[in-house]
Structures are given as structure tokens and as C-alpha cells.
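[1] Let me see the structure of the following:
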Amino acid sequence: MNINNITFPHPILGISDSIDSQFEFSTLEIKSNADFYEVTVRFSHDNYDLQNLISSEKAEYYCEVTCTNTVFRQIFTNKNKSITFKIPKKKVKGKVEFTCLLVATEDIANYSNANVHPDYRGYTFDIDKGDILAYFGESSFNANIQYEKLKAVSSFMEIVENGSETFTIIDLEKNKIEVQLPTDSYNLYCNDSISQEEKFAPIFHSSIVLNALLIALYSFEKYTDNDDCTWAKTIKYRLQTDPQFKTLSIEDKENIPEIAQRLLGNPFERLIDGLNNLEISTEE
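    The predicted structure follows:
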């Protein structure tokens, strides 16, 4: 639904400048449980006339949830400025979209708004039940992302074998960032004494993983709209919701080295600590 490309016979908050008021909404609070996603949507506006309609139960907040991959569609409403609802995981796949509105719950005769654009001044409008009074915007999340494991490197990267290459390949076109090791290197890596040894994790993170992540981040914008590249959507979600990235815009390329290190939990510091611990254990 692209509300901005639809013409309406009455002024709507959020469409062009037909009503001059502040408004916003957020759909970023997503909790992943075993069988469902719990989503909280919050609305905010400062329009007195619309708030009066809500208080008199003539209007309510509305959130339409759709998933084109599974033809899922459900509507959630509330008279409070937040809506919390559950989406069964088995009913959605890939991109899940939200459209957030304020709609009339009954017919409203002679509607007007004190903050309308001058072009609407002096006119009143008959609103039908279900008509849109405010458009708060649209958002989405990707149901393929494992939200409960967002901080794990495995949520956006994996190491695989590439038997036809002599050197390591970084493939960004897959669901996860693929670090493709030549067969001999991959076989050594798969040895439990290496890949499953916790004390070696900082070494991998500060070398193979960090290099692959830097390559991905410098090409990040190219992949964020690619539905096949869940790794980019996973990282994008973390950048938008994790407070430690609030002042670090990935659009500024100078920030990318720090962003990569923060995503990996300061790998250089952990590397030095790990090497120090190895030295101590060797001496002992």
C-alpha cells in the first residue's frame, strides 16, 4: 500500500502538508519467541482535533500487517498510542510489512481540523466509517532473521568449502556472508581442535571474520534491498536498534572499521586478552 500516491477528498495527517502537526511511529520492538513474534508499535502526534476524536471513540489507531510470500494479512487496532500483537512464525516468511494509520470508527459529519493547510480552510468534510484520518507511515522486518541470535556471528556469516579455488573467496550474494575456504584450509578448520576450540574464537574474529565483514560493510547499501541477502537485513536491524550504533552512520565510510569492531564485540581487545591467556597457560 503506497498511501502517498493516493488522492483523498479530505485532509490527512501525514499526507503531504495537508495537516501541520508532528507525528511518528515505531515498529522496531520485535521479540522473537519459539512460535511467534511479539511486535510493539507506538504512535505519537500532537494534533488536538484528532486526539479529541480518539478520546470520544470516533477514531482508533490501526496497523495492517501483510506478508506477500505467505499471503498473510491481519489488522490490529487500539485506542491507546501503542499496539502490541503476536504474529505466528509459521504464517510469515521473508518480508513482513506494516502500514500504520488512524481511522474513523464511525461516520463523522462536518469534520474539520484547526491545523489544516490554508487550501482546506473554511471547508468541512463528511467522514465515513473506516476512512483514513492520519497516515503514520510504513515499516517492515524480515522473518528470516533469527532475532534471538542477532549478536552471534553465525546470524550473518558462515565458513564453507570451495574446492575449486586456491584463495579464500568472500561471497556476498547468499543468505549469509560466505567465507569460502579452499578445501585443504577448510578441512583443517573443521578439525574440532580448531573450529570448536573457544580460545581460538578471538583469533578467527580478528582475522577471517573481521576482514570478511569489512568487505561486506563497504558494499552494504548494494545488498540491503536484496531479499536473498538476509545478512544485510540482519546487520541493518542491529544498526537501527542497538544503542551503541546511534551516533555511527554507516553512510559515512570512515565509521565502517569501528562499526565492524562493535558488531564483533571488540575483536582486537579479545585477541590480545586471548593471546595473553594462552601465554599464561603455556608458562603454567
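[2] Mind jotting down where the helices sit in the stretch 1-150 of the chain?
    48-55 (DSSP state H, counting those that start in this stretch).
[3] can you check the stretch 151-284 of the chain too?
    For the stretch 151-284 of the chain, applying DSSP H, counting those that start in this stretch gives helices covering 183-189, 192-195, 201-204, 210-218, 220-223, 230-241, 256-263, 267-283.
[4] The fifth one - contacts with which helices or strands?
    Going back to what we said before, that points to helix 220-223. On a contact count with 3 or more C-beta pairs under 8 Å, 6 or more residues apart in numbering; DSSP states H and E, helix 220-223 meets helix 230-241. For the C-beta atoms, the positions are set from N, CA and C on the backbone; glycine is no exception.
[5] relative to helix 210-218, how tilted is the helix it packs on?
    Angular relation of helix 230-241 and helix 210-218 on a 0 to 180 degree scale: 80 degrees, by axes from the mean of the first three to the mean of the last three C-alpha atoms, to 10 degrees.
[6] Now find how far off-centre helix 230-241 is within its chain.
    Using C-alpha atoms, centre = their mean, to the nearest Å, the distance from the centre of helix 230-241 to the centre of the chain it belongs to is 6 Å.
[7] what's the angle between that helix and helix 256-263?
    Orientation note: helix 230-241 sits at an angle of 90 degrees relative to helix 256-263 (the same axes, to 10 degrees).
[8] hmm, who's touching helix 230-241?
    The list of residues contacting helix 230-241 from outside it, by C-beta atoms under 8 Å, 6 or more residues apart in numbering, reads 28, 141-142, 144-147, 150-151, 155-157, 172, 174-177, 216-217, 220, 223-224, 226, 245, 248, 250, 259, 263.
[9] which parts of that helix are buried?
    Residues of helix 230-241 classed as buried under the neighbour-count rule (16 or more other C-beta atoms under 10 Å) are 230-239.
[10] Quick one: low-confidence residue ranges for this structure.
    For the chain, the stretches with pLDDT under 70 are 1-6, 26-28, 147-149, 278-284.
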